[in-house]
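Trainee: My questions are about this predicted structure, shown below with the sequence.
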Amino acid sequence: MEEALLRAVLFGTPILLASLGALVSERSGVVNLGVEGIMALSALAAFGVALGAGPYLGLLAGVGTGVLGGMVLGLFAVTLRANQFVAGLAVAALGLGASGLLGKRYEGLPLEWTLPEGGMALLAFLLALFLHHLLYRSRFGLYLRSVGENPKAADLFGVSVDGVRYGALALGGGLIGLAGAYLSLAYRPSWTDGMTAGLGWVAIALVILAAWEPLRAVLGAYLFGLLFFLQFRLQGSVPIPSEAFGAMPYLLVILVLALSGRARAPKALGVPFERGR
Amino acid sequence: MRRLLAFLLAALGLSLAQGEKLKACFIYVGPIGDAGWTYAHDLGRKKAEAALPWLETRYVESVPEAQALPVMDRFVREGCQVIFATSFGYGEAVLEAAKKYPEVIFAHATGLKRAPNVATYMADFYQVYYLNGLAAGALTKTGKVGYVAAFPIPEVKRHINAFTLGVRAVNPKAQVLVRWINAWYDPAKAREATEALLAQGADVFAFTEDTPTVIQTAARKGAYSFGHYTPMLKFAPDHVVSGQIVHWDVIYIDFLKKVKEGVYTAKNLENVDYFWLLQHGAVEVGADYGVPINPKHVPLLRKAQMTVGGKKVAVYDRIMALLKDMSSPKPTFDPFTGPIKDRKGVVRIPAGRKASLRELLTMEWAVPGVVGDWPGEPK
Amino acid sequence: MRLELDPNPRPQKTFLAYALFLLLAFLLLGALFLAYGVSPLEAYALLLSPLTDPLGLAEIARRTIPLLLIGAGLSLAFRVGFFNIGAEGQLLLGAVGAAYAALFLPVGPWTLPLMFLLGGGLGAIWAGLAAWLRVRFGASEILTTLMQNYLAYYLVVYLVAGPWKGQMVFGFLYTDRFPQEAQLPRLGETLVHWPTLLLGVAAAVILHLLLFRTPLGFAFRVQGENPLAARYLGLPGGRLLFLTALISGLLSGFAGVGEVAGIHLRLLEPAQISLGYGFTAILAAWLARGRPLLVLLTAPLLGLILAGGDALKLSLSMPFRVVDVVSGLLLLALIGAEALGRHRILWRR
């Protein structure tokens, strides 16, 4: 039983980090569908740097790449006020593609020094707590939420909507970068094309499941991790085909969502802010 | 004078022809990158190219089955004379292309259907897995051996069965717990499946997946493991005991030489089928090249005992003796020698003979000792 | 410097915006090629090479078929506000339906139409499920359709590894080959299954007419542009979403039928069937700006990119991922240009 909980946490950590990253920007009103691509590119950057300069610099590189990814999305979603959904999808494609292309030479190389998984998991949990505090008990959090709910009013109050959104995207991007670095430096210390394995999309889904709240995101991510692990733990012990177990985590996400009622999204989510409209 | 000229021209032509390169092209089903199936084929290709100065090669990776035919069209247009298709799923495309291009030679890995210009080839591990199983049976303290498996096709089932037969030969009460990840390449699933097996008490691991994830995960908890497909000792030098290593180059060099010499043509491949094993040097038992058993584990395996024909024998000696036998030109031992019942009690290989090639290639049943889901198990 | 909405953008400015962004994308792509280690000129030539010979054109056509069908449906869905990212799963369900009709029902001249009916139907139901979850429970279809993709994947694996595994496939993960009556005719020696292509063209045209020439289409457009106004007008939002989902799922299902009846001629591992068409079709639909007729242009364009990516893979051993880079950059360039064109730059605080 403890094993299952441990796996839930360790496998859930990258999902949690990516979820928190998407959550932060969505709270400010910007949908981030580019998580998968940003995560992949960050994983590559982290791995590449770690090969030469050690895991901690690699971690930094991953976070930095994530921030960069968030800013690119910001350029399109905030400054240019383009369609956020499509911009996100494009960033996802670009990130996945660029990482696959540039990462070719790193495929299959072993990594000598890795990051401690437990430490990273703890960090992720602490970050969730920090985010909760930031959103609900700090001034920046107040600005962030107001920009996501009613940007017009926030603008009237003198809050720089664009500035806050960029900040949220940078912070969120950094978290996503952290998730990518975890994958390539701690969970399975290596690089291969496609190593994000769809976790970015799961993270986006979990933001909705968590009703955009960091603490619920923790539960959601660990729940998914638990279910993913259970698919192998229960296989063979119960006379259900292995494929059914594989489908289990995804099915349960749908069920939980259906049963938890209408999730309240930030009102201005996905709508580019145009002053004077 | 004219005759001399003709002779000179003929000699020139002949030497030119001999200087001509043979172009062989390879279609891979996955990326070369990560220590698995495709990586091994590409290694074979590179070694063949290095060993045969008249050989020129090309390759394409990650070709989905739907695209095999267009890729072969292009290859033929570029002048490929021999095409190697390295996945079962390319079978139909290969046969179609063979009809379209009767002068081109095709070779289909793990294939079953042939044609005048289509040969099939395979380097199989079942003997190697048996020997690995002997070591696993000796090393497990909990009596539970873990196997992380990709998809339930006969090749994988055959390997798991051979492995389990080996495990049970040493420890008749041991179990091999199988978990299917339903993917050829998926490090996350491989990791979690290994963790699940560890949680259930497995302390030795073998697997079919295209990365060393299982080895790395098992090593974290101090569990032993066996490398798969390529030398994986370096991923956990203290925990990798042995493994299965493939040498596709042995087959490639043999085939291409015969094509060059004219022994194989585009008309006589109907019965050319390589099912090459230890004795041909196409596969190797080992954690690394030339390291059949990791020296760190040899003392343990010498101490472990097993019963063979009523007498007590050190497991290490048994492994090495069988290895010697099966690597010799006329091996006498075969893991699938009857009587063998499957885990439901049905006799699958009767006493007095060993499994036929067909039985090996279409194996769907599971031997006793295999525990877990087994899709497609005959009733 | 700030950007402000421009109520009356001049066409020259829009054109300039597009030119600028496309140039940037072009250069960035070239830079990435260089970083990978190949000459950008060579890479670009290869990207466009499928246009230069019949083999390449056939490859473009083969890729276009599912993109056209799914893209047309998605252009409608996105218009109405139903963000269907489950096209991959609906395609797989379509393949399942086709396989059932081909292998387990008596065959005859009715088989192919029956396959389309069953496959399309399953795809429609699959998408409809997500719509129902949204209308009834408020569950975001982005999440549900995404999860459904995984469910569809496992369903297909279960079928080909278990109850539907073929008798004559030596234990591998395939069903038996479809009988002749269940195979779509192809164009010459290529893999282009032209009946499905015609179906795609018809779908694009019909949807376009539906959207712009019928009252239902008007309702769809209002619902998509301004759901609040739609409600005030008394339009049945839930029912409109549901209908959209059914149509989009139907077309994605058709694409799945086409793939297994036209190319593979059996049901197999899901990763070999869907090949990322669902995602690429989203790009095709978006590039068509919600006009189904334009998918007739954008689908072949993306087909070209995919076929070009193959050429890059073949000749330069570039990873196929490069097509993601190209489509990503193209998309960013286009939405950036479109957005820039809508604004004017103010050089003051």
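Mentor: That came through fine.

Trainee: any idea how far B:Ala190 is from the closest residue to chain C within the stretch 101-250 of chain B?
Mentor: Across the stretch 101-250 of chain B, no residue is closer to chain C than B:Pro154, which sits at 3.8 Å (CB to the nearest CB). Backbone N, C-alpha and C define where each C-beta goes, glycine included. Computed as CB to CB, to the nearest Å, the B:Pro154 to B:Ala190 distance reads 21 Å.

Trainee: pretty sure the residue of the stretch 101-250 of chain B closest to chain C contacts B:Glu359?
Mentor: No. In this structure, B:Pro154 sits apart from B:Glu359 without contact. The criterion is CB atoms under 8 Å, and the distance is 9.8 Å.

Trainee: Spell out which parts of the stretch 51-200 of chain C neighbour chain A.
Mentor: Neighbours of chain A within the stretch 51-200 of chain C, by CB under 8 Å from any CB of the partner chain: C:83, C:133, C:136-140, C:142-144, C:146-148, C:150-151, C:153-155, C:157-158, C:161-162.

Trainee: Give me the buried entries from those residues.
Mentor: C:83, C:133, C:137, C:139-140, C:142-144, C:146-148, C:150-151, C:153-155, C:157-158, C:161-162 (16 or more other CB atoms under 10 Å in any protein chain shown).

Trainee: list the contacts for A:Val30?
Mentor: Residues counted as contacts of A:Val30 (CB atoms under 8 Å, 6 or more residues apart in numbering or on different chains) are A:73-74, A:77-78, A:84, A:165, A:168-169, A:269-270.

Trainee: Count the neighbours of the residue nearest to it when sequence neighbours are not counted for me.
Mentor: In space, A:Val30 comes closest to A:Ala77 once its chain neighbours are excluded; the distance is 5.1 Å by CB to CB, 6 or more residues apart in numbering or on different chains. The local packing of A:Ala77 (other CB atoms under 10 Å in any protein chain shown) involves 32 other residues.

Trainee: Am I right that B:Val291 is in contact with B:Leu233?
Mentor: Yes. Using CB under 8 Å, B:Val291 makes contact with B:Leu233 at a distance of 6.6 Å.

Trainee: These two: who's more crowded?
Mentor: Applying other CB under 10 Å to B:Val291 and B:Leu233 shows that B:Leu233 carries more neighbours, namely 20 against 17.

Trainee: quick one: contacts for that one?
Mentor: B:227, B:240, B:243, B:287-288, B:291, B:294.

Trainee: What's the separation between the residue of chain A found nearest chain B and B:Glu261?
Mentor: Closest to chain B within chain A is A:Glu107: 3.0 Å, counting by CB to the nearest CB. A:Glu107 is 37 Å from B:Glu261, where distance means CB to CB.

Trainee: do the same with C:Val160
Mentor: Distance, C:Val160 to B:Glu261, using CB to CB: 42 Å.

Trainee: And C:Ala102, by the same measure?
Mentor: As judged by CB to CB, C:Ala102 and B:Glu261 stand 46 Å apart.

Trainee: cool, B:Leu134 as well?
Mentor: Counting by CB to CB, the separation of B:Leu134 from B:Glu261 is 40 Å.

Trainee: circling back: so which of A:Glu107 and B:Glu261 has more stuff around it?
Mentor: A:Glu107 (19 against 8).

Trainee: can you pull the contacts of the more buried one?
Mentor: If you count contacts by CB under 8 Å, 6+ apart, then A:Glu107 has A:191-193, B:31-34 around it.

Trainee: and the nearest residue to it once chain neighbours are set aside, what element?
Mentor: Leaving aside its chain neighbours, A:Glu107 sits nearest to B:Gly33 (3.0 Å; criterion: CB to CB, 6+ apart). No secondary structure element spans B:Gly33, as it lies outside all helices and strands (assigned by DSSP states H and E).

Trainee: Compare B:Pro154 and B:Ala190 and say which one has the larger neighbour count.
Mentor: Under the neighbour definition other CB under 10 Å, B:Pro154 and B:Ala190 were set side by side, and B:Ala190 has more, 28 against 19.

Trainee: Relative to A:Ser242, how far out is the residue of the stretch 1-150 of chain C found nearest chain A?
Mentor: Using CB to the nearest CB, the closest approach of the stretch 1-150 of chain C to chain A is made by C:Gly138 at 3.2 Å. Distance from C:Gly138 to A:Ser242, counting by CB to CB: 33 Å.

Trainee: which residues in the stretch 151-300 of chain B form helices?
Mentor: Counting by DSSP state H, counting those that start in this stretch, the stretch 151-300 of chain B has these helices, from start to end: B:154-170, B:187-199, B:213-220, B:248-261, B:298-303.

Trainee: Determine which of the ones you listed approaches chain A most closely.
Mentor: Closest of those to chain A is helix B:187-199, at 3.7 Å (criterion: CB to the nearest CB).

Trainee: Do the closest one and chain C come into contact?
Mentor: No. Applying CB under 8 Å from any CB, one finds helix B:187-199 out of contact with chain C, separated by at least 12.2 Å.

Trainee: which other residues reach that helix?
Mentor: By CB under 8 Å, 6+ apart, the residues outside helix B:187-199 that reach it are A:3-4, A:7, A:11, A:187-188, A:190, A:192, A:195, A:197, A:199, A:228-229, A:231-233, A:235, B:144, B:146, B:148, B:177, B:179, B:181-183, B:205, B:207, B:209, B:211, B:213-214, B:217-218, B:221, B:223.

Trainee: got the residue ranges for the helices in chain A?
Mentor: Listed in chain order, the helices of chain A (DSSP state H) span A:2-27, A:35-53, A:55-74, A:84-102, A:117-137, A:139-149, A:151-156, A:161-182, A:199-209, A:214-233, A:242-259.

Trainee: Next one: the residue most central in space within chain B, what pLDDT does it get?
Mentor: In chain B, the residue lying closest to the centroid (CA atoms, centre = their mean) is B:Asp124, at 4.0 Å. According to the model's per-residue confidence, B:Asp124 sits at a pLDDT of 92.

Trainee: check contacts around it.
Mentor: Neighbouring residues of B:Asp124 by CB under 8 Å, 6+ apart: B:155, B:158, B:275-277, B:283, B:360.

Trainee: Show me which of those residues are buried.
Mentor: B:155, B:158, B:276-277, B:283, B:360.

Trainee: Save those as CSV, and put in pLDDT too.
Mentor: As requested, these are arranged in CSV below (pLDDT from 0 to 100):
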residue, pLDDT
B:Glu155, 90
B:Arg158, 94
B:Trp276, 91
B:Leu277, 91
B:Val283, 91
B:Leu360, 90
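
Trainee: How many neighbouring residues does the residue nearest to A:Phe229 when sequence neighbours are not counted have?
Mentor: Distances taken as CB to CB, 6+ apart place A:Arg7 nearest to A:Phe229, at 4.0 Å, with adjacent residues excluded. A:Arg7 has 24 neighbouring residues, counting by other CB under 10 Å.

Trainee: quick one: A:Arg7 from A:Met1, how far?
Mentor: 11 Å.

Trainee: Next: B:Thr213.
Mentor: Summarising the geometry, the distance separating B:Thr213 from A:Met1, computed by CB to CB, is 24 Å.
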